[in-house]
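**Q** Below: sequence and its predicted model.
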Amino acid sequence: MMPSASCVFPTFNLRKPSSETDIENWASKHFNKHTQGLFRRKVSIANMLAWSSESIKKPMIMTNDRNVKKEACEIFKLIQMYMGDRRAKTDQLNVALEIATKGWSMQGLRDELYIQLCRQTTENFRYESLARGWELMAICLAFFPPTPKFHSYLEGYIYRHMDPVNDTKVSRHLRHLLARTNQKKPKLRKKPKPQSEEIPGRDSRIAGILGIPRILQGVVGGQRGSRDREIEPSPDESTRRNLQGGLWEPPGVPGVAISTYAKYCYNKLQKAALTGAKKGLKKPNIEEIRHAKNAVFNPSMFGSSLQDIVAMQKERYPDRQLPWVQTRLSEEVLALNGDQTEGIFRVPGDIDEVNALKLQVDQWKIPTGLEDPHVPASLLKLWYRELEEPLIPHEFYEQCISHYENPEAAIAVVHSLPRINRMVLCYLIRFLQVFVQPANVAVTKMDVNNLAMVMAPNCLRCQSDDPRIIFENTRKEMSFIRVLIQHLDTSFMEGVL
């Protein structure tokens, strides 16, 4: 099954997040009309945007795609299974795999999936279920973004949950429920109320949100059937244990609040919007799902800052001055005779092999069985390109493009960089200097100009939105890197790891 074509979305800057009212307005224009009960009363937008223990009969978002209509109802059940709100026939990772594969394969299903996750993490006071919902959102964002039309609304939803104040509010509400449950005395079962007696619709919805079993599923237009009973809401057992211990956290992950998940999802959303869906023809696999799940608490070496990457490797490699991922991939390129391979760094490696290698490297595994030097070369370029901050930080950018033809000034800029950036850049330049040897260029057809062209975008990032400035600066960026390859003395880097 091949993924739908994914475009690379424009850069999204941090903006004032969309409000709940904005999302309700968006929903009023794009949601299907849902009804419930015997008289098919219309379900309000507020109800449709809040946690539910019940299944859905049609997609939340209007669509004419028959496949999406069918899959939307199934994926809602799978989300409930992953969150523990519905019994699953398989383990959690395989449920996540099925969800991620469906979203990756069907672009039309992605917004539906994300709005369903927003719904199931709204007014959900079962902590384990809530944490799993956010965890599932993080997993999905590792494989595909929402469409541009829904991006800002998902961004706003996630942004609002980054505030630790929300953690406090939910914790306070759970403690209140726990206190009421502990103080509650056994009561005789009340007589059923007349069917015509009305109760507020929101009370009925909150009952479902709090995990109260609905004895009668046919709640009709804000009325209860004769078999409904007054049931006191209470937190689930895992939440109760956490609260009694003075904690508010998911089981097995000490001290983690929802705002932590939200911050991770926010960063993933920004990156996913720029890179698009997972590339290649191979569907997501169980190892990638496991890695995406663990990445919430074990940051990836791809997309992190140099400082964080060095900190990650401190325990494994306390004496290393350079990132292990940089030196290991560089060595692999040379070990596979990359300096004698035509088009090295220009010809892309097989994307599925690159993805598999990335997974290995991110688990600190030494690559084995590689034959094509284009694969580690492509991954090495990706690592430089995905650094949280460019290899040459933004504050040095203007100096670089001002001195792109002046070797002395360009070298002075390099020596003024922060130590870790300077070391990593000098290692890269020394590595590239191997490839510009005449004997190698004769085979690779990659001279200093070609190498500068493919490597400059991985070292410098223009922050302007003006196409004319971007075009003009591209030439200067290439010239700056070319000058470094030709004139920077990197002999001091010999033997440095």
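**A** Done, it's in. Numbering: from 1, shown residues only.
**Q** Correct me if wrong: residue 53 contacts residue 84.
**A** No: taking contacts as CB atoms under 8 Å, residue 53 lies outside contact range of residue 84: 11.0 Å. Glycine gets a C-beta too; all of them are placed from N, C-alpha and C.
**Q** what's the model's confidence in the helix or strand hosting residue 397, averaged?
**A** Assigned by DSSP states H and E, residue 397 falls within helix 397-402. The pLDDT scores in helix 397-402 average 91.
**Q** List the contacts of that helix.
**A** Contact partners of helix 397-402, identified using CB atoms under 8 Å, 6 or more residues apart in numbering, comprise 390, 392, 409-410, 413, 460-463, 473, 476-477, 480.
**Q** cool, and stretch 357-369?
**A** Counting by CB under 8 Å, 6+ apart, stretch 357-369 makes contact with 287-288, 291, 300-302, 316, 324-325, 328-329, 332, 370, 375-376, 379, 382, all of which sit outside it.
**Q** ends of it, how far apart?
**A** One end of stretch 357-369 sits 10 Å from the other (CA to CA, to the nearest Å).
**Q** shouldn't residue 303 be in contact with residue 385?
**A** No: Residue 303 is beyond contact range of residue 385, at 9.8 Å (criterion: CB under 8 Å).
**Q** These two - which one has more neighbours?
**A** residue 303 (20 against 17; other CB atoms under 10 Å).
**Q** Wasn't the more buried one part of a helix?
**A** No: Residue 303: not assigned to a helix; according to DSSP: H, G, I helix; E, B strand; the rest coil it is coil.
**Q** so who does it touch?
**A** With contact taken as CB under 8 Å, 6+ apart, residue 303 is in contact with 267, 271, 386, 387, 388.
**Q** Going through those residues, which ones are buried?
**A** 267, 386, 387 (16 or more other CB atoms under 10 Å).
**Q** that older thread, what two of the contacts of helix 397-402 have the greatest distance between them?
**A** Within these, two members stand farthest from each other by CB to CB: 409 and 463, at 21.3 Å.
**Q** Those two: who's more crowded?
**A** Each of residue 409 and residue 463 has its neighbours counted (other CB under 10 Å); residue 409 has more, 15 against 11.
**Q** these two touch, right, that one and residue 403?
**A** Yes: checked against CB under 8 Å, the pair residue 409 and residue 403 is within contact range at 3.5 Å.
**Q** What would whichever helix or strand comes after the helix holding residue 397 look like as CSV? C-alpha coordinates only.
**A** From helix 397-402 onward toward the C-terminus, using DSSP H and E, the following helix or strand is helix 407-415. C-alpha atoms of helix 407-415 as CSV (Å, rounded to 0.1, in the frame of the first residue of the first chain):
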residue,chain,number,x,y,z
PRO,A,407,38.9,33.4,3.5
GLU,A,408,40.4,35.1,6.6
ALA,A,409,37.1,36.6,7.7
ALA,A,410,35.3,33.4,7.0
ILE,A,411,37.8,31.4,9.1
ALA,A,412,37.5,34.0,11.9
VAL,A,413,33.7,33.4,11.9
VAL,A,414,34.3,29.7,12.4
HIS,A,415,36.7,30.3,15.4
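**Q** Packing partners of helix 407-415?
**A** helix 397-402, helix 419-435, helix 467-487 (3 or more CB pairs under 8 Å, 6 or more residues apart in numbering; DSSP states H and E).
**Q** between the ones you listed, which one is nearest to residue 446?
**A** Once those are compared by CB to CB, helix 419-435 is nearest, at 6.1 Å.
**Q** Buried residues of the closest one, list them for me.
**A** Neighbour-count burial for helix 419-435 [16+ other CB under 10 Å]: 420-433, 435.
**Q** Which elements pack onto it?
**A** So helix 419-435, by 3+ CB pairs under 8 Å, 6+ apart, packs with helix 306-312, helix 324-335, helix 407-415, helix 438-444, helix 448-459, helix 467-487.
**Q** Now the fifth one: average pLDDT?
**A** Just to be clear, that refers to helix 448-459. Mean pLDDT, helix 448-459: 93.
**Q** Just the CA atoms of it, as PDB, please.
**A** This file holds the C-alpha atoms of helix 448-459, laid out as PDB (Å, rounded to 0.1, in the frame of the first residue of the first chain):
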ATOM      1  CA  VAL A 448      34.400  21.500  -4.300                       C
ATOM      2  CA  ASN A 449      31.600  23.500  -5.900                       C
ATOM      3  CA  ASN A 450      29.300  20.500  -6.000                       C
ATOM      4  CA  LEU A 451      30.100  19.500  -2.400                       C
ATOM      5  CA  ALA A 452      29.500  23.100  -1.200                       C
ATOM      6  CA  MET A 453      26.200  23.100  -3.100                       C
ATOM      7  CA  VAL A 454      24.800  20.000  -1.400                       C
ATOM      8  CA  MET A 455      26.200  20.800   2.100                       C
ATOM      9  CA  ALA A 456      25.500  24.500   2.500                       C
ATOM     10  CA  PRO A 457      21.800  24.000   3.200                       C
ATOM     11  CA  ASN A 458      22.700  21.600   6.000                       C
ATOM     12  CA  CYS A 459      24.900  24.100   7.700                       C
END
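**Q** doesn't residue 461 make contact with residue 470?
**A** No: counting by CB under 8 Å, no contact exists between residue 470 and residue 461, whose distance comes to 10.3 Å.
**Q** So which helix or strand of the protein has the lowest pLDDT on average?
**A** One helix or strand of the chain scores below all others by mean pLDDT, DSSP states H and E: helix 201-209, with a mean of 43.
**Q** ok, residue 338 - how many residues close by?
**A** Look at residue 338: counted by other CB under 10 Å, it has 22 neighbours.
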